[in-house]
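1. Need a 3D model of the sequence below.
(one chain, ligands or ions: 2)
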Amino acid sequence: MASAIRAGGSVAVFSSEKSILRAPVTRRMGGARLNSSPDKFSFMRHGFQKVPMSRNSGESSFGASRRCSRLSVFCSSSESATNDDKVEVVYDPQGRYNELLSDLRSSGAMPQTNITLFSPSKINVFLRITGKRPDGYHDLASLFHVISLGDIIKFSISPSKTKDSLTTNVIGVPLDEKNLIIKALNLFREKTGSNTYFWIHLDKRVPTGAGLGGGSGNAATALWAANQLTGGLATEKDLQEWSGEIGSDIPFFFSTGAAYCTSRGEVVKNIPSPVPLSTPMVLMKPQEECGTADVYQALRLEDCSTSDPEKLLESIMQDGITQSACINDLEKPAFNVLPSLKQFKERIAAASRGRYQAVFMSGSGSTIVGVGDSQPPEFLYDEEQYSSVFISEAYFLTRRENEWYEQPHSEGLQT
Ligand SMILES: C[C@](O)(CO)[C@H](O)COP(=O)(O)OP(=O)(O)OC[C@H]1O[C@@H](n2ccc(N)nc2=O)[C@H](O)[C@@H]1O
Ligand SMILES: Nc1ncnc2c1ncn2[C@@H]1O[C@H](COP(=O)(O)OP(=O)(O)OP(=O)(O)O)[C@@H](O)[C@H]1O
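-> Ligands and ions are numbered 1, 2, ... in the order given. The predicted structure is shown next:
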């Protein structure tokens, strides 16, 4: 059980793990005398707001908040050394600890050494491929939207001056320089001259090879974290520009959540979210993955749609998400790479007519998205062959400028 004591000009917060924080407080107080008789104390309850340090013992207002977070014990004894004597007994140690930590960080007295961030994924509401470029990449025009399915990543500053250390909860994700998180941290050091290395734990929830940009979201989150933990060496714009060097989907995550992206994906234009954020959707991904490079390689430009992407955007901004606007030019090549995916999508669309506003593949697959309902069609539960399908409900997500994406309260349902 953690507790905090404010005494002798410093604040100490203790936990079962040892003393975890000690730092000067702005107003000096006399030593606390815990052995005085109880009638010489007055007990004051306070709400979550900061408690003013009354110079006159017992004069503080009696804040009758039901959300009581701590109990202050004021020493009113004439035996006490000064009239400032005060011991603070904390009922909400974690909340109090966070409050003290935040005060110390903002005062610059204690640099931040770790950060835990939500690393979201994305869907492409439509994805038009408009040409092949001399550098081998393809030009695209796509409405990207961040969604609520995401990983959790903890970053801590490591004492090492030579390497980052990455751990994860899943098998199969590379832990070396092939991992986009390590690539992002190397890029950050190269661009800023920083020599800070990190311990990283990746709690993976977004399936890989899903067309949900899970790895790209991780890379963007790593750049954000490295910048936070090194005191803000770069601007958000810098991070966005640099990130395009290690992946086409990464710059999008520095948008505010909804963007119209062009070129190979790295030209990002923020747009207001075209649909209510609470619009439900369900993500359904068969066990088989689609390799992005393989799908692009299988693409035939002559098979692509001729719809003007700006018109698709306009239509979605006006009328919301409709089946006819959700065109993905990578569906055909993905179905060639993974023939079972075509049947999977067609069965979902047929079984749930009327339930979803639109059913489409995200990115290069293999996730099929149903927008308009958070439930998958029943056959995915009933039939043995679909027992390993990843199913998750999701919502659209945005972020405020200068803040990273926050983990939504409603967690995805996974099988
Ligand atoms: C399918 C999408 O997810 C849609 O958002 C993206 O276009 C893929 O972006 P990404 O995974 O960040 O892809 P990158 O890591 O940059 O590239 C992987 C491979 O995909 C192909 N690629 C990617 C993006 C692009 N605009 N044209 C391409 O042809 C290239 O062969 C490249 O070698
Ligand atoms: N941090 C990471 N998380 C997951 N996979 C990673 C990561 N870094 C590198 N990879 C590699 O990238 C591959 C693709 O993973 P990712 O989750 O980005 O797929 P995706 O959803 O198809 O991405 P995209 O939509 O950008 O094409 C994985 O198979 C894995 O080998």
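
2. ok, which stretches of this structure are helices?
-> With DSSP state H, the ranges of helices along the chain come out as 93-107, 180-192, 214-229, 236-243, 292-298, 309-319, 331-337, 339-351, 379-382.

3. Deepest-packed of those, please.
-> Greatest average neighbour count among those goes to helix 214-229 (a mean of 25), per mean count of other CB atoms under 10 Å. Heads up, the C-betas are built off the backbone N, CA and C, glycines and all.

4. Who are the packing partners of that one?
-> Where contact means 3 or more CB pairs under 8 Å, 6 or more residues apart in numbering; DSSP states H and E, helix 214-229 is packed against strand 114-132, strand 138-158, helix 180-192, strand 197-203, helix 236-243.

5. mind giving me a markdown table with these and columns for mean pLDDT and distance to Ser364?
-> Putting these into a markdown table (pLDDT from 0 to 100; distance: least, CB to CB, whole Å) gives the following:
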| stretch | mean pLDDT | distance to Ser364 |
| --- | --- | --- |
| strand 114-132 | 98 | 9 |
| strand 138-158 | 98 | 11 |
| helix 180-192 | 98 | 16 |
| strand 197-203 | 98 | 22 |
| helix 236-243 | 98 | 19 |
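
6. Just to check, Arg96 is in contact with Val90?
-> Yes. Between Arg96 and Val90 there is a contact under CB atoms under 8 Å: 4.4 Å.

7. Which one, of the helices and strands packed on helix 214-229, ends up nearest to Gln357?
-> Shortest separation from Gln357 across these is recorded for strand 114-132, at 10.9 Å, computed as CB to CB.

8. same for the closest one, what does it pack against?
-> On a contact count with 3+ CB pairs under 8 Å, 6+ apart, strand 114-132 meets strand 138-158, helix 214-229, helix 309-319.

9. and it, how far out from the chain's middle?
-> Relative to the chain's own centre, strand 114-132 is displaced by 13 Å; criterion: CA atoms, centre = their mean, to the nearest Å.

10. Now do that strand and helix 214-229, the angle between them.
-> 130 degrees (axes from the mean of the first three to the mean of the last three CA atoms, to 10 degrees).

11. near ligand 1, which residues of the stretch 151-300 of the chain?
-> Residues of the stretch 151-300 of the chain found near ligand 1 (CB under 6 Å from any ligand atom) are Gly211, Gly213, Ser216, Gly247, Ser248, Asp249, Arg264, Gly265, Thr292, Ala293, Tyr296.

12. Can you tell me which of those comes closest to Gln228?
-> Using CB to CB, these come closest to Gln228 at Ser216, 19.0 Å.

13. nearest spatial neighbour of that closest one, skipping sequence neighbours?
-> In space, and not counting its chain neighbours, Ser216 is closest to Asp249: 3.8 Å by CB to CB, 6 or more residues apart in numbering.

14. Contact partners for the residue positioned nearest the centre of the chain?
-> By CA atoms, centre = their mean, the chain has its centre lying nearest to Phe118, at 2.2 Å. Applying CB atoms under 8 Å, 6 or more residues apart in numbering to Phe118 gives the contacts Gly150, Asp151, Ile152, Thr221, Trp404, Tyr405, Glu406, Gln407.
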